[in-house]
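Participant: Here is my input, please return the structure:
(2 chains)
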Amino acid sequence: METINTTRRTLLKGTALASVLGITGIVDLLTMSQANAAWSEVAFESGSVGDVMKALFNEDLTPTESADITLKAPDIAENGAVVPIGVKSTMPGINRIVILVEQNPSPLTATFNLGKGARADVSTRIKMGKTSDVIALVEADGKLYAARKNVKVTIGGCGG
Amino acid sequence: MAGIKAKAKLKGDAVKVKALMKHPMESGLRKDKKGNPIPAHHITEITLLAGGETLMTANFGPAVSKNPYISMIVAGPAKGDELTIAWIDNKGESASTEVVVK
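Facilitator: Down below sits the predicted model:
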């Protein structure tokens, strides 16, 4: 089951990336997507931001804080089960957006892989266990940028 | 299970796609009334396609809220084009829907 899933993901990623960049560099991209296929499970289960970074990028990279990323999140979330988050950036060459919640049991919340024509402007709703920094990572031209914002949570949305 | 509500609207030169998916997004951390852990059950991947081409994929962990909402902006599709939104979860369940750009 696991194997099938992984293969499928690899295929999907491979196809997506290949269609973005054309035929050149397909071999490199396939190796890259192998790594991506592996991160999905490991990274999403990692218990700290450092571990997530290792799982996603093979090392604990320190992203550059950037004012070109707009992280939209409430100052106070009354209900930690539904916290609206939006990430937007005008930087060129963005291929991935990652949303992390520092204090959650597993910080990695969602990743968005931008394909053909996709703009770096996404939003979703997430769960937060307690007051924490929300971090938006943006991968552009192989470099990593970040924006963070503290969100106060009155009622947590992770346990039961 | 297979409920996706989606809207795609052309604004300027790009299409804003909004989707609301019906899914429990169980984190795996909660316990039922008897104290037994409720196994994780969440969407792992969402794909936005146009004419067989992937415009965006999103990977979700269990920390995305129940009945996930997602919005994306893509350039390329025109009015009347059909987009496909699909998800798969960690139990191998899946759903997809077509939405016409307005």
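Participant: low pLDDT regions in chain B?
Facilitator: Segments of chain B classed as low confidence (criterion: pLDDT under 70) are B:1-2.
Participant: what residues are up against the most centrally placed residue in it?
Facilitator: Centroid-nearest residue in chain B: B:I46, 4.8 Å away (criterion: CA atoms, centre = their mean). B:I46 sits next to B:19, B:21, B:57-58, B:60, B:68, B:70, B:85-87 when contact means CB atoms under 8 Å, 6 or more residues apart in numbering or on different chains. Where you see a C-beta, it was placed from the backbone N, CA and C, and this is true even at glycine.
Participant: Which one of the residues you listed sits in the busiest neighbourhood?
Facilitator: B:F60 (29 neighbours; other CB atoms under 10 Å in any protein chain shown).
Participant: Would you check that it makes contact with B:P68?
Facilitator: Yes - applying CB atoms under 8 Å, one finds B:F60 in contact with B:P68, separated by 6.6 Å.
Participant: Distance to A:R148 and secondary structure added to the contacts of B:I46, as JSON lines?
Facilitator: Compiled in JSON lines, those are given as follows (distance: CB to CB, whole Å; DSSP: H, G, I helix; E, B strand; the rest coil):
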{"residue": "B:A19", "distance to A:R148": "27", "secondary structure": "strand"}
{"residue": "B:M21", "distance to A:R148": "27", "secondary structure": "strand"}
{"residue": "B:T57", "distance to A:R148": "24", "secondary structure": "strand"}
{"residue": "B:A58", "distance to A:R148": "20", "secondary structure": "strand"}
{"residue": "B:F60", "distance to A:R148": "21", "secondary structure": "strand"}
{"residue": "B:P68", "distance to A:R148": "23", "secondary structure": "coil"}
{"residue": "B:I70", "distance to A:R148": "21", "secondary structure": "strand"}
{"residue": "B:I85", "distance to A:R148": "29", "secondary structure": "strand"}
{"residue": "B:A86", "distance to A:R148": "31", "secondary structure": "strand"}
{"residue": "B:W87", "distance to A:R148": "28", "secondary structure": "strand"}
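Participant: will you turn these into TSV that also has distance to chain A?
Facilitator: Listed next are the contacts of B:I46 as TSV, based on distance: CB to the nearest CB, whole Å:
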residue	distance to chain A
B:A19	10
B:M21	11
B:T57	5
B:A58	5
B:F60	5
B:P68	7
B:I70	5
B:I85	13
B:A86	10
B:W87	12
